[in-house]
Structures are given as structure tokens and as C-alpha cells.
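# Could you look at this predicted model? Sequence included:
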Amino acid sequence: MIWYPYAQMKTMKAPYKVVDAQGVYLYTEDGHKLIDSVSSWWCVIHGYCQPDITAAMQEQMQRFSHVMLGGLTHDAVERLSAKLADWLPGDLDYCFYSDSGSVAVEVALKMALQYYVNRGETQRTKVLALTHAYHGDTFKAMEVGDDEDYHFILEAYGPKTRVINIPTEIPALEEAFARHHAELNCFIVEPLLQGAGGMRMYDISFLQRARELCDEYGVLLVFDEVATGFGRTGHRFVADVVLPDILVLGKALTGGHIGHAVTVAGKKVYSGFYSDSPTHALMHGPTFMGNAVACAAAYQSIRLFEEGNYLEKIKRIESIMKREMHGFTDPRIREIRVMGGCLCVEVTEPGVLAGFQEFAYERGVFNRPFLCCLYAMVPYIITEDELVKICDTMKAWFRR
Ligand SMILES: *Cc1c(COP(=O)(O)O)cnc(C)c1O
């Protein structure tokens, strides 16, 4: 028996059974061919079964698929780490691997806390985060998040005491720093685009001000780019525009071909652990960190991203989505937003979207709305016709 995610097992409808997946398409057991408009939770950026990634994984598997990083190392992890150090902005050069985005967020939060503990600043136990934030489903990630639909369970613990959630408004940011700066170890954000909290988009000026305040008060800035990384916002990384102290990548890291994530620290953070004292070491080590097959996939995925002029592709996707949705209105639509490779049609209440998944399925599109969000996060290899079909399906729902 499979226990499915985010679902009441008693009432959930049967999932579609996939028998094949190629490029942007999912093929189901009952003979449907579906454009995957959400890239399997946003990760399959080059499409399914990308031949170069698949070959790189197979080649690595012929040698070995896994060895631990405790006391051992290997070419695949060394090559990926050198590539990331070279490719990521600034001095984000120190790569700590883990098996999922949630764990990579846990690592970032542990790093931020211990960075100050190592300096004897043990009063810095609090984290600043955003309202509607989503950083994963593990416990500390849930705590810094602010997503009632997933995390109301945390209310059993009573009010949060170690996390302050603020809206993406500069006055709220300034006030939070003025009041809490002495107790903060970090400010964690999904930069520019808050995903699972409702596909909320905000301005870069907020992050620029956050960078200034973090510098002024000695607070670490953490970008959770698990969702926004690899071009989703139209920037390669938002970290290219505003440099964080710690960067978290996941989802599309391997082109969505196998689970893996990385917490990348800048020089300042790394130096805070580098000493003669064993207690200054980072005490963390997921069993599958630096998995060789995942590292081979990630390296190849980055090569494709570099060679394939992806930022141009994403610009094209953005302009087609804007063109297709331009001027479309309905009383049940609150707002239509487009940023990079993300389209969100926000409706007035979740009931408006009930039945959309089946409606889209009958028209050859796989989609999975949540909360008030009807959204698309397409694979970047999508053609114009396929993209138009997704937009047409969304519009047809409101015109039926
Ligand atoms: C999906 C997501 C995570 C969690 O990643 P998992 O691999 O599902 O654990 C964390 N942060 C953000 C912003 C995400 O979108």
C-alpha cells in the first residue's frame, strides 16, 4: 500500500499511472499523452529521460552508484563541486550535499546557528523568515515556513518562539531588524518567487535592502533557491543579482532525474567552522550525500544549461505566457502573474479549481493546482505550440 503525499487517503482520487515519460510528455497506462505543465514538482527542467543525463548516470552506474563521503571521495562529487564553485556567483564555493531540499534547508539553518555558536554568540538563536514561506516538510524547515495548509500540525507546539515571519515589505523588514537583530542568526527567503506558499512574486529591492541590513547587523542571508534556481525566475540564480551567504539548491539540480540537493556556503561561513577545534566542525552527514549517480546527473544538467542558452529559452517562455494570458479576465480570477518560467493564475477561492485536473487531463495536459493557484512551471525545452496549449486549457476552464 502506498501512502501518497498531501492527500487524505480515504477520499483521494486514484492517481494517473505513468508507463513512460519522454521530453515534456507523460504517457499513462490508459493511453493518454500529457504535457507535464508542472515539471514533476518543478524539477524536470530539461524534460524527462534527457539522453545526455541518462547516459551520464548509466556510465557512473557501470562503475559504482554510491560510496559514502565519510572518509571516502570520488570523481563525480569532485567534478560537480569544482563546477559549482566555478559556476555559482561570488565566493559560494563550499558544497555540502544532501538527499533532498528539505534536508539541505536543515543544513543551512544548522550552519547559520552554529556559525554564531562557534563565535560564542549563543544568544543568536532566532531566524527571520517570510510569511507564506515554504522551505520543506522536515521539522525546522516547517518551523521557519508559514504554510497553514501543510503545517497547522505545528500549532500543537504552541506559538513559535524562535522564528519571526514577516511580509515582503521593506518597512516590515526594517522593523524586524531593528527589534530582533541581536538574536537573529539568519534571514532565510525564497528569493523573488515564493513557490508552495502561493506562487507569490516580489521585487528585488526587498532583497537588496535585506542584504544591506544583514551586513549592517551581522546576520547571515540564506537563499533557498530549491525552487527558484536554474532559471525559474528568469535569472540563472537570484543569487546572481543579490549575493547570499548561504545558497540552497535542490529540485532541478539533477535536471530532476534523481533526488539530490546542496547547501553552498560562502567563504565567511566556511571560515567560521575552519579551526583547530573539533567542536567547530559541522556535525551533519546524510547517508547518501554526494551520491555518485546524482552528482553525475547534476554535472551533466549544468552542462546542458550552459550550452543550451537556457536564459534565452526562459525569456521566450515568459514572453509567450505573457502574450497568451494578456488581458484575460474572469470574475473568479484575482490576478495573473508571470515570472521567468512560472505562470500563476490566482483565483478567488480554491473551489474554482475543483475538477481542473481532470479537465486538463482530457485535453492532454497534466496539471495540479493547489490552494488558489492554477499554475504552470514548464520544462524549458517546451515548444511554443505546447505552451500555447497549456494556456488555452487554462483559459478554456473559465470559458466552459
Ligand atoms: C520543494 C522545496 C523544498 C523542499 O525540497 P524537497 O526536495 O521536497 O525536500 C524546500 N524549499 C523550497 C523553496 C522548495 O520549493
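In hand now; what should we look at? Residues are numbered from 1 along each chain as shown.
# Please count neighbours and contacts with C-alpha atoms only from this point.
Noted.
# for stretch 94-105, what is the average pLDDT?
What stretch 94-105 shows for mean pLDDT is 98.
# Just the residues contacting that stretch, thanks.
81, 84-85, 135-138, 141, 224, 226, 248-251, 259-267, 270, 285-286, 288-290 (CA atoms under 8 Å, 6 or more residues apart in numbering).
# That one: end-to-end distance?
15 Å (CA to CA, to the nearest Å).
# quick one: which of the contacts of stretch 94-105 sit in strands?
224, 248-249, 261-265 (DSSP state E).
# As JSON lines, these with distance to the ligand would be great.
Below are these laid out as JSON lines (distance: CA to the nearest ligand atom, whole Å):
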{"residue": "224", "distance to the ligand": "5"}
{"residue": "248", "distance to the ligand": "8"}
{"residue": "249", "distance to the ligand": "8"}
{"residue": "261", "distance to the ligand": "7"}
{"residue": "262", "distance to the ligand": "10"}
{"residue": "263", "distance to the ligand": "11"}
{"residue": "264", "distance to the ligand": "14"}
{"residue": "265", "distance to the ligand": "17"}
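# Format those as TSV; extra columns: neighbour count.
Output for the ones in strands among the contacts of stretch 94-105, formatted as TSV (neighbours: other CA atoms under 10 Å):
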residue	neighbour count
224	29
248	29
249	25
261	30
262	28
263	29
264	30
265	24
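# In TSV: those, plus distance to residue 69 and pLDDT.
Output for the ones in strands among the contacts of stretch 94-105, formatted as TSV (distance: CA to CA, whole Å; pLDDT from 0 to 100):
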residue	distance to residue 69	pLDDT
224	24	99
248	19	99
249	19	98
261	15	98
262	14	99
263	15	99
264	16	99
265	18	98
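# farthest-separated two in the residues you listed?
261 and 265 (13.3 Å; CA to CA).
# Spatially central residue for this protein, please.
residue 227 (1.9 Å; CA atoms, centre = their mean).
# isn't that residue right up against residue 39?
No - between residue 227 and residue 39 there is no contact under CA atoms under 8 Å: 11.5 Å.
# measure the closest residue to residue 381 other than its chain neighbours to the ligand for me?
Of all residues beyond its chain neighbours, the one nearest residue 381 is residue 46 (5.8 Å), with distances taken as CA to CA, 6 or more residues apart in numbering. Distance, residue 46 to the ligand, using CA to the nearest ligand atom, to the nearest Å: 18 Å.
# residues in contact with residue 249?
Taking CA under 8 Å, 6+ apart, one finds 101, 104, 224-227, 229, 261-264 in contact with residue 249.
# Let me fix that, I meant to ask about residue 43.
227, 251-253, 255-256.
# same thing with residue 173?
166-167, 210.
# Which SSE is immediately downstream of the lowest-mean-pLDDT helix or strand in the chain?
Lowest on mean pLDDT, DSSP states H and E among the helices and strands of the chain sits helix 148-151, with a mean of 66. On the C-terminal side of helix 148-151, the nearest following helix or strand under DSSP states H and E is strand 163-166.
# Could you spell out the sheet neighbours of that following strand, each with its direction?
Strand pairing for strand 163-166, using DSSP bridges, gives strand 126-130 (parallel).
# Check whether the spatially most distant residue from the centre of the chain sits in a helix, strand or coil.
If you look at how far each residue of the chain sits from its centre, by CA atoms, centre = their mean, the farthest one is residue 276, at 35.1 Å. Judged by DSSP: H, G, I helix; E, B strand; the rest coil, the three-state class of residue 276 is coil.
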